[in-house]
Structure formats: structure tokens, C-alpha cells
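> Fold the following for me, if possible:
(one chain, ligands or ions: 2)
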Amino acid sequence: MAEIWTIGKILKWTEEYFQKYNIENPRLDAEVLLGYVLNKERIFLYVHFDQPLDSEELAKFKECIKKRAMKMPVAYITGVREFMGLDFKVTEATLIPRPDTEILVETAMERLGKIAGNEAGTGKCFADLGTGSGAICLSILNYMKEIEAVTVDISPKAIAVAKENAEKFAVSDRIEFLEGDFLKPLENKGKFTAILSNPPYIPKQDILGLESDVKDFEPMGALDGGIDGLDFYRQLLVKSANYIEDGGFLAIEIGINQSQAILEMAKRNLMWGKVEVIKDLAGIDRCVVLWKK
Ligand code: SAM
Ligand code: GLN
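Ligands and ions are numbered 1, 2, ... in the order given. Now for the predicted structure:
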């Protein structure tokens, strides 16, 4: 007779199996993947430990286990990742949105809100460079109903995913998607209240040292920031002020140890006034806001 696999038993087996493969969060990953296969919240698993899996569920779960043991990130297996309280579709064409990036989103929303509330009535439109899944621009549009956005990505596959997310969150009528190279598609688009970006910022030589989950699965074009990781910031610091209204701002996510170089660049361009540096929960400089004079 075939062995009976209950939810409790298969979770325990999978946790041990993932441990052997050095998966960082073996139990959590097992639960998230089983929840995905059964189409249930994780809490369901806890109150149904004795429920057996049928053969179809078992086969689907085995496929997930195999993929995760090969280090495929859970979000690429399930096709979703939560960010700013929203479930974003993700594929291997999009970076998996990181919790750190919520700092950029919250920083930008706070400042956009203040500008939008001023007498000049500006604050209506921002640009987000490097769309990915749409994590930054779409979560802002979801929470700020009066605001519009333009977003640029060089990857048509990423844009296709972000468009699906825009439909899902019902914000498609307030966003324009442009395929092209970073700031170039903004020419002839007028001026924005703000430009936001989480560009690729990993120094080229550091990429090989990243976890296999990241370097073997996430799009290289979303990570590689050139020799010192600062290529995209050079473009932004020199050129983006031309596309920002007076009194508007550029807000960027930055990598570890990059704030000093960025502050130096800001000093060299007379179009930037006040600069703010925002730290993440680990105390690392994570976001820089540069105000256009
Ligand atoms: N904004 C998303 C997020 O925070 O999750 C994705 C950020 S990911 C680090 C950077 C994105 O920039 C990728 O989607 C990548 O395709 C895009 N990208 C890379 N080079 C680009 C370029 N030259 N022009 C426009 N987009 C580019
Ligand atoms: N934060 C990402 C990582 O550490 C990198 C994303 C980026 O280059 N913007 O893998």
C-alpha cells in the first residue's frame, strides 16, 4: 500500500530535506510551498496536520521541493511576493521585491504627499526608473489615488509582468510604461515632481559571491551596477535634475557603503540642494533623497 503523507508528516520530511540542501529557512519555505500547492493560508496547515495529501497534490509539491532544493527562490516557484501589503506577480524576468525597498516607497510617499497638498497643486506625476515587477510605482499608485506615474524598464518581459500587476491593483489608467534605456525615454515627457529608482547597484565583481538563490535565478540586468556598482547613480546625479520640477526630488535606493560616493557626486552638481540619507533597520544607509533647487 502506498505510504500516506499527511500535512504534518510531509512538512517535517521537507524541513529535514531542505536542511540537507542548506536552505536558509527550511520550515518556513516548506510551509509556504505547501500552502501554495493546497491553495491555502499557512495557518490552515497548522490546524490540519492530520489531513492526507492526494496524489495530485503530492506530485505538485514534489516538483516544488525539487525546485527549491536547486535554490530556486520560493517567490519564483509560487509566482508571487508580498510587498507593501500587496501580492505582486513575479517571474524570473523581474527582481523579487525586497523588504528594504519599502523604505524608498515610504520615504517617497511621505514627500509626495506633502508636495501634493501644497498650494501650487503639483505632486501629480512621478517617474520610476527600472520598473521590475512594478513594486515601487504600483504600490505608490495603489495608496495615493491622486497621483500618476511613468515607469521605464529596458526589459520588455519585466514590463509585461508589471502591466499585469497594474491591472490587478486597478491602477493601469494612471501609469504609462516605457521600454527603453533608463533616462532616455523621459526626453519629451516634461518634468516630474519626483524621480524614483532602485537601479542595479551590485559591483560587478561582487555578483559571483552572492547567494546562489540570487545569482543563478534573478535577472543579471537587475543587479549589475558596473565595476563599482555606481553606473546608474552617475547618470541619475548628472542628468535627472533636468527632468524634475523645481522643489521636486530624486529618491534612490542604494547599496551598502555607497552613500559617501553619492554625496560626493551630489556636491559636484549645482542643481541639487538639500540631501537626506535614510537608514534601514540594520542601520545601513539605504535611501538618499536629493532635492532639486
Ligand atoms: N523597481 C523594482 C524593485 O525595486 O523591485 C526593480 C528594481 S531592479 C534592482 C532594477 C530594474 O532596472 C530591473 O527591472 C532591470 O531590468 C532594470 N534596468 C536595468 N538596466 C536598465 C536600463 N539601462 N534602463 C532601464 N531599466 C533598466
Ligand atoms: N538588494 C538587492 C540584493 O541585495 C540588489 C538590488 C539592486 O541591485 N538594486 O540582491
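> Give the partner strands of the longest strand along the chain in its sheet and their orientations.
Under DSSP state E, the strand in the chain containing the largest number of residues is strand 244-253. According to DSSP bridges, strand 244-253 has the following sheet partners: strand 192-197 (parallel), strand 285-292 (antiparallel).
> who are the neighbours in contact with residue 279?
285-286 (Cβ atoms under 8 Å, 6 or more residues apart in numbering). For every residue, glycine as well, the C-beta is placed using N, CA and C.
> Identify the bridge partners of it.
Applying DSSP bridges, one finds that residue 279 bridges with residue 285.
> picking up where we left off before, residue 271: which of the strands paired with strand 244-253 is closest?
Closest to residue 271 of the strands paired with strand 244-253 is strand 285-292 (Cβ to Cβ; 6.1 Å).
> Disregarding flanking residues, what is the spatial nearest neighbour of residue 36?
Once flanking residues are discounted, residue 36 sits nearest to residue 78: 4.4 Å by Cβ to Cβ, 6 or more residues apart in numbering.
> what number of residues lie near that neighbour?
The local packing of residue 78 (other Cβ atoms under 10 Å) involves 16 other residues.
> just use 721 as the starting number from now, easier for me
Sure, I'll start numbering at 721, so the last one becomes residue 798.
> quick one: pLDDT of it?
Per-residue confidence (pLDDT) for residue 798: 98.
> What segments of the stretch 721-870 of the chain are strands?
800-803, 806-809, 845-849, 868-873 (DSSP state E, counting those that start in this stretch).
> Single out the most deeply packed of the ones you listed.
Mean neighbours per residue, mean count of other Cβ atoms under 10 Å, is largest over those for strand 845-849, with a mean of 26.
> follow-up on the earlier one: isn't the residue nearest to residue 756 up against residue 751?
No. Using Cβ atoms under 8 Å, residue 798 makes no contact with residue 751, being 11.7 Å away.
> Tell me who's in contact with the residue nearest to residue 756.
By Cβ under 8 Å, 6+ apart, the neighbours of residue 798 are 752-753, 756.
> separation between it and residue 810?
From residue 798 across to residue 810, the span is 9 Å (Cβ to Cβ, to the nearest Å).
> now swap in residue 786 and tell me
Computed as Cβ to Cβ, the residue 786 to residue 810 distance reads 20 Å.
> More neighbours: those two, which one.
residue 810 (25 against 11).
> Any stretches of the stretch 721-870 of the chain with poor pLDDT?
Across the stretch 721-870 of the chain, residues meeting the criterion (pLDDT under 70) sit at 721, 837-843.
> The residue in it positioned nearest to ligand 2 - how many residues pack around it?
Per Cβ to the nearest ligand atom, the residue of the stretch 721-870 of the chain with the smallest distance to ligand 2 is residue 818, at 4.9 Å. Applying other Cβ under 10 Å, we find 14 residues neighbouring residue 818.
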